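Chemist: Fold the following for me, if possible:
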Amino acid sequence: LGGGHLQRGRALADFLGSAMTQSRKALSFMLASVLLGPLFHGAFGSAAAVQVVACDGSSETCAAPPQLHQSRELSEDHMMLAVSRGTLVQRALALVEGGRLASVEAQLIAAVGARAQSIEKRGRSSEGTEQEGHLGRILATVQKLAVGVVNGTERLSDTVVAALSSIREEMQAIRNSTAVTSAEDQDEVNRARDSVIKCDDWAQIENATLAAAKEEEHATCRSLEVELRQARETDCDKYTVAMQGLDAPKCAASLPADPQPADLAAMLSCVQETAAWWRDFNSSATKLATSCERASASHESKRRACNSAQTTYEAIFCGYRARLTGACSLYEECRASAIAEQLEVQASVQVAETSRKAQYAAVTHIECHLTVLTANPERQPTLLEKCLSLQVSTSHLNMTYPAVPDGVGCDISPVATHPCQEPWLQERYMGESWYKGAATVACTPCEPVQTCGGFDCGEH
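Modeler: Next up is the predicted model:
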């Protein structure tokens, strides 16, 4: 290329340095127009000679010299082949913004890099659509070039061959990316489904088991209370009967109030008989009294324990009611939110899937045409024909979209009635076999249940 081009590049660098208020895209295009002409000379036709005029920035706008406009006639198809990603982009921006070009290689990088940066920026803001458009333009360019080479109307310079190599690397990177992003999207779809399933955890309420256990504990206590009451009644009844049925010796009832000497012997005999009877009765009565007292104490102790068990049971049931009602509310909210997210994720991934398949097909066609361009001339026509009729399979990029999982459901019917309500008392207490022998004390009603919202009704 020689020192003349390097001098023009330096002059252009001065021009660019004083004209940075112009849009970056315009500067990049002018840079490409000026530099690619000499670089592609012989491959795409001669570019007009360029005389660079520095802009001192004194005027409001710095117009490009007429020669710059003439150079823009350079084919955009060939400029497109220079587009690549990564290092090209970064180096191009550094060169354009710095306003200096160090070598012919740097000139080429700067020229193609500005265009690549434009594509990179659009790709980040709208990956699918912009990437498809980018690939479409590359495919059209490469296909046009391949047809021209086969027809003999185009030939490849070393610079274009290098650009094609860069494009091939980019296509391989995109091909690899489709596999990665497809797997990532499938993971995201599966995660959204799993989030719906996770909502079932809200319906698993441990208090249900605890409430049932406390109910059983209370019922068992009341049954024992009935047994102890019956034992108390039996023992105390025996004591009462014994005390009510005193059967002292009859002589004791006829002892004279004013005994005579003749009566003393009979009275002594009666006293002795009565004393023996009283000794036996005292022992028996004392035992009956002790049994009655012990049975009464046991019954009273059990009754107090059962009353406490009743209060505990009612409190546990009220807690179960509050947690079940709140959990079911959260369960429904969780499922509604998770299902909406699942459908949203699937809709987004479906768009990405369609775009990804289109990109994969475009990459495959581009790579096919690149093979044509790098093949032996005698094989190029056959390879081109295959490329033009190529049908690309994208089945390996198919996504699986699971249906919305069925929920386990959350049933609040077990707490539809609660302590102190007549149906609940009838079912849990008055309808039980033990109730007549162990009536319950006054129940403790539940506090009003607060409506849950937004997953903030306590820890699950």
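Chemist: what's residue 435 in contact with, if anything?
Modeler: If you count contacts by Cβ atoms under 8 Å, 6 or more residues apart in numbering, residue 435 has them with 222, 429. Every residue, glycine included, has its C-beta placed from N, CA and C.
Chemist: go on, residue 383?
Modeler: 368, 371, 372, 375.
Chemist: same thing with residue 302?
Modeler: Taking Cβ under 8 Å, 6+ apart, we find residue 302 in contact with 221, 224, 225, 228.
Chemist: Could you list which of these belong to helices?
Modeler: Using DSSP state H, the subset of the contacts of residue 302 located in helices is 221, 224, 225, 228.
Chemist: Which one (most neighbours) among those residues?
Modeler: residue 225 (25 neighbours; other Cβ atoms under 10 Å).
Chemist: Excluding chain neighbours, what is closest to that residue?
Modeler: Distances taken as Cβ to Cβ, 6 or more residues apart in numbering put residue 438 closest to residue 225, at 4.1 Å, once the chain neighbours are dropped.
Chemist: That neighbour: how many residues sit nearby?
Modeler: Other residues near residue 438 come to 24 when the count uses other Cβ under 10 Å.
Chemist: how much space between it and residue 168?
Modeler: 90 Å (Cβ to Cβ, to the nearest Å).
Chemist: repeat for residue 450
Modeler: Taken as Cβ to Cβ, the span from residue 450 to residue 168 is 65 Å.
Chemist: ok, back up a step: so the residue nearest to residue 225 makes contact with residue 218?
Modeler: No: between residue 438 and residue 218 there is no contact under Cβ atoms under 8 Å: 10.2 Å.
Chemist: which residues do those two both contact?
Modeler: With Cβ under 8 Å, 6+ apart as the test, residue 438 and residue 218 both reach residue 306.
Chemist: thinking again about what came up before, of the contacts of residue 383, closest to residue 432?
Modeler: Relative to residue 432, the closest of those is residue 368; by Cβ to Cβ it sits at 83.4 Å.
Chemist: For the closest one, grab the count of nearby residues.
Modeler: Neighbour number of residue 368 under other Cβ under 10 Å is 20.
Chemist: give the contact list for it.
Modeler: So residue 368 contacts 383, 386, 387, 390 (Cβ under 8 Å, 6+ apart).
Chemist: which stretches of this protein form helices?
Modeler: 2-18, 24-39, 66-71, 76-80, 87-98, 104-125, 127-151, 158-198, 207-244, 264-374, 380-388, 422-425.
Chemist: out of these, which comes closest to residue 402?
Modeler: Per Cβ to Cβ, nearest to residue 402 of these: helix 158-198, 4.6 Å.
Chemist: angle of the closest one against helix 264-374?
Modeler: Angle, helix 158-198 to helix 264-374, by axes from the mean of the first three to the mean of the last three Cα atoms, to 10 degrees: 160 degrees.
Chemist: need the contact list for residue 196.
Modeler: 335, 338, 339, 342, 404, 405, 407.
Chemist: Can you give me the separation between it and residue 422?
Modeler: Distance from residue 196 to residue 422, by Cβ to Cβ: 40 Å.
Chemist: same check, this time on residue 267
Modeler: Counting by Cβ to Cβ - residue 267 and residue 422 are separated by 70 Å.
Chemist: Tell me the buried residues in stretch 196-211?
Modeler: 196, 199, 200, 202, 203, 205, 207, 211 (16 or more other Cβ atoms under 10 Å).
Chemist: do the same with stretch 211-223
Modeler: Buried, per 16+ other Cβ under 10 Å, within stretch 211-223: 211, 214, 215, 217, 218, 219, 221, 222, 223.
Chemist: Going by distance to residue 354, which of those residues wins?
Modeler: Nearest to residue 354 among those, with distances taken as Cβ to Cβ, is residue 211, at 52.5 Å.
Chemist: Next one: that closest one, what pLDDT does it get?
Modeler: We note a pLDDT of 90 for residue 211 in this prediction.
Chemist: swap in residue 46?
Modeler: pLDDT for residue 46: 30.
Chemist: for the one 4 residues further on, same thing?
Modeler: Among the per-residue scores, residue 50 shows a pLDDT of 28.
Chemist: picking up where we left off before, derive a ChimeraX selection command for the buried subset of the contacts of residue 368.
Modeler: To isolate the buried members of the contacts of residue 368 in ChimeraX, using 16+ other Cβ under 10 Å:
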select :383,387
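Chemist: could I get the contacts of residue 368 as CSV with distance to residue 279 and pLDDT?
Modeler: Formatted as CSV, those follow (distance: Cβ to Cβ, whole Å; pLDDT from 0 to 100):
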residue, distance to residue 279, pLDDT
383, 131, 96
386, 128, 96
387, 128, 95
390, 124, 95
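Chemist: Pick out whichever of the contacts of residue 368 sits closest to residue 141.
Modeler: Nearest member of the contacts of residue 368 to residue 141, counting by Cβ to Cβ, is residue 387, at 14.0 Å.
Chemist: Chain neighbours aside, what residue packs nearest to that closest one?
Modeler: residue 368 (4.0 Å).
Chemist: what about residue 243, how many residues close to it?
Modeler: For residue 243, the count of nearby residues is 12 (other Cβ under 10 Å).
Chemist: Next: residue 373.
Modeler: Residue 373: 23 neighbours (other Cβ under 10 Å).
Chemist: From residue 248, how far out is residue 255?
Modeler: 11 Å.
Chemist: now do residue 383
Modeler: Using Cβ to Cβ, residue 383 is found at 135 Å from residue 248.
Chemist: same question, residue 132
Modeler: 119 Å.
Chemist: More neighbours: the two, which one.
Modeler: Between residue 132 and residue 248, counted using other Cβ under 10 Å, the more crowded position is residue 132 (18 against 12).
Chemist: Now that one: closest residue in space that isn't a chain neighbour?
Modeler: Excluding the flanking residues, the one nearest residue 132 by Cβ to Cβ, 6+ apart is residue 358, at 5.4 Å.
Chemist: cool, residue 307 as well?
Modeler: residue 441 (5.0 Å).
Chemist: Against residue 280, how distant is the one you found?
Modeler: 43 Å.
Chemist: swap in residue 220?
Modeler: In terms of Cβ to Cβ, residue 220 sits 42 Å off from residue 280.
Chemist: One more: residue 258?
Modeler: Taking Cβ to Cβ, one finds residue 258 at 30 Å from residue 280.
Chemist: Could you check which of those two is surrounded by more residues?
Modeler: When neighbours are counted by other Cβ under 10 Å, residue 258 and residue 280 differ, and residue 280 comes out ahead with 10 against 5.
Chemist: and the more buried one, what pLDDT?
Modeler: At residue 280, pLDDT is 88.
Chemist: and if you look at residue 381?
Modeler: 95.
Chemist: Look up the closest residue to residue 362, ignoring the ones flanking it.
Modeler: residue 135 (3.9 Å).
Chemist: what's near enough to touch that neighbour?
Modeler: So residue 135 contacts 174, 359, 362, 363, 366 (Cβ under 8 Å, 6+ apart).
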